[in-house]
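Colleague: What follows is a predicted structure for the sequence shown.
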Amino acid sequence: MHKTLRCAPVLLALSAALLTGALPARADDQAGTHWQSVLASPLRTDADRKADAHRKSGEFLTFAEVKPGMKVFDVASGGGATAALLAAAVGSKGEVWAQNSKPNPKLDMRLGKATVPNLHAVVASFDDPVPKGTPPLDLITINMSYHDIVNTPTDRAAMNKHLYDALKPGGHLVIVDNSAKKGAGLSVTKTLHRIDEDTVVDEVTKAGFKVDARSDYLRAPSDPREKAFFEMNGAPDDKFAIRFVKK
């Protein structure tokens with residue numbers, strides 16, 4: 001019999017710092033402390049926690065302005081690491097949907113280990129990822145996967161419009177991805193698994209979104225952006241984080 005796991009309470013974090021549109025270094029250093037109970041949640045695995053130092057999960061939650069009770073949709077969720085983090089952060093009164101274009105065994109295994117009432121697996125195409133009947137959303141996240149979606153036959157203009165329509169007015173879309181050199185466009189999404197930040201902004205704003213804020217919490221100026229992130233041999237790899245808003 002599965003045991004129901006209750007999400008730990010969430011501390012609200014660093015809202016004043018977010019007003020600037022970019023988190024200062026000191027705020028980045030402190031974000032993990034503000035989200036300590038969420039990062040330690042039993043909804044998350046040891047592998048999730050091991051990745052926190054590299055992914056800066058506390059900074060991600062702060063930048064995404066996650067709050068208890070939110071309804072959140074994670075696109076291209078994979079094995080559900082980001083979705084489980086969000087489920088812990090929104091608490092038992094919130095809900096998270098983890099979307100993939102086909103069933104993901106790792107996500108199924110994650111959900112099979114415990115009853116997680118506020119985390120739902122969704123199988124849907126990227127063209128129209130949010131199922132009908134999903135309530136209006138507060139937040140949508142695409143964490144390290146926009147470049148992967150580029151490498152599928154997805155109509156991204158249609159996808160971005162569906163995401164826009166699925167959000168409440170004032171809702172956010174947060175995209176984090178591996179940074180390509182400025183001007184690279186979509187040319188290295190397959191070879192280097194990177195994408196030009198300006199190209200993402202251009203595609204997403206055409207759907208009606210406005211850029212609300214950017215953060216440097218995953219920036220690595222030393223990265224020449226000439227290798228795939230998984231070929232960096234431990235050297236810091238440059239990533240961008242953009243928060244869009246539905247006006």
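Modeller: Structure received.

Colleague: how deep is Lys93 tucked in, by neighbour count?
Modeller: Other residues near Lys93 number 10, with proximity taken as other CB atoms under 10 Å. C-beta coordinates here come from the backbone N, C-alpha and C atoms, glycine included.

Colleague: burial count for the residue nearest to it when sequence neighbours are not counted?
Modeller: With CB to CB, 6 or more residues apart in numbering as the criterion, Lys93 has its nearest non-adjacent residue at 4.4 Å, and that residue is Gly69. The number of residues packed near Gly69 is 12, by other CB under 10 Å.

Colleague: contacting residues for Gly69?
Modeller: 90-91, 93-94 (CB atoms under 8 Å, 6 or more residues apart in numbering).

Colleague: Can you tell me which of these lies closest to Leu192?
Modeller: Distances from Leu192 to the contacts of Gly69, taken as CB to CB, are shortest for Val90 (33.5 Å).

Colleague: count of neighbours near the closest residue to the closest one other than its chain neighbours?
Modeller: Of all residues not flanking Val90 in the chain, Met70 sits nearest, at 4.6 Å (CB to CB, 6+ apart). Counted with other CB under 10 Å, the neighbours of Met70 add up to 22.

Colleague: thought Phe63 was touching Asn143?
Modeller: No - contact between Phe63 and Asn143 fails when scored by CB atoms under 8 Å: they sit 11.2 Å apart.

Colleague: Pick out whichever of these two has more residues nearby.
Modeller: Phe63 (29 against 24).

Colleague: Show residues contacting the top strand by length along the chain.
Modeller: If you go by DSSP state E, the chain has its longest strand at strand 167-178. Strand 167-178 has contacts (CB under 8 Å, 6+ apart) with 60, 63-65, 136-147, 163-164, 192-195, 197, 200, 204, 209, 212, 218, 229, 237-247.

Colleague: where's that strand relative to the chain centroid, distance-wise?
Modeller: For strand 167-178, the separation from the chain centroid amounts to 9 Å (computed by CA atoms, centre = their mean, to the nearest Å).

Colleague: Likewise for stretch 53-64?
Modeller: Taking the mean of its C-alpha atoms, stretch 53-64 sits 9 Å from the chain's own mean (CA atoms, centre = their mean).

Colleague: now swap in stretch 151-167 and tell me
Modeller: 16 Å.

Colleague: go on, stretch 74-91?
Modeller: In terms of CA atoms, centre = their mean, the centre of stretch 74-91 is found 8 Å from the chain centre.

Colleague: What average pLDDT does that stretch get?
Modeller: The average pLDDT for stretch 74-91 rounds to 97.

Colleague: same deal with stretch 218-234?
Modeller: Regarding stretch 218-234, the rounded mean pLDDT is 95.

Colleague: Report the buried residues of it.
Modeller: Buried residues in stretch 218-234, counted by 16 or more other CB atoms under 10 Å: 218-219, 223, 225, 227, 229.

Colleague: and if you look at stretch 126-139?
Modeller: Buried-residue list, stretch 126-139, by 16+ other CB under 10 Å: 126, 128-130, 134, 137-139.

Colleague: And stretch 64-72, by the same measure?
Modeller: Using 16+ other CB under 10 Å as the test for burial, stretch 64-72 gives 64-67, 70-72.
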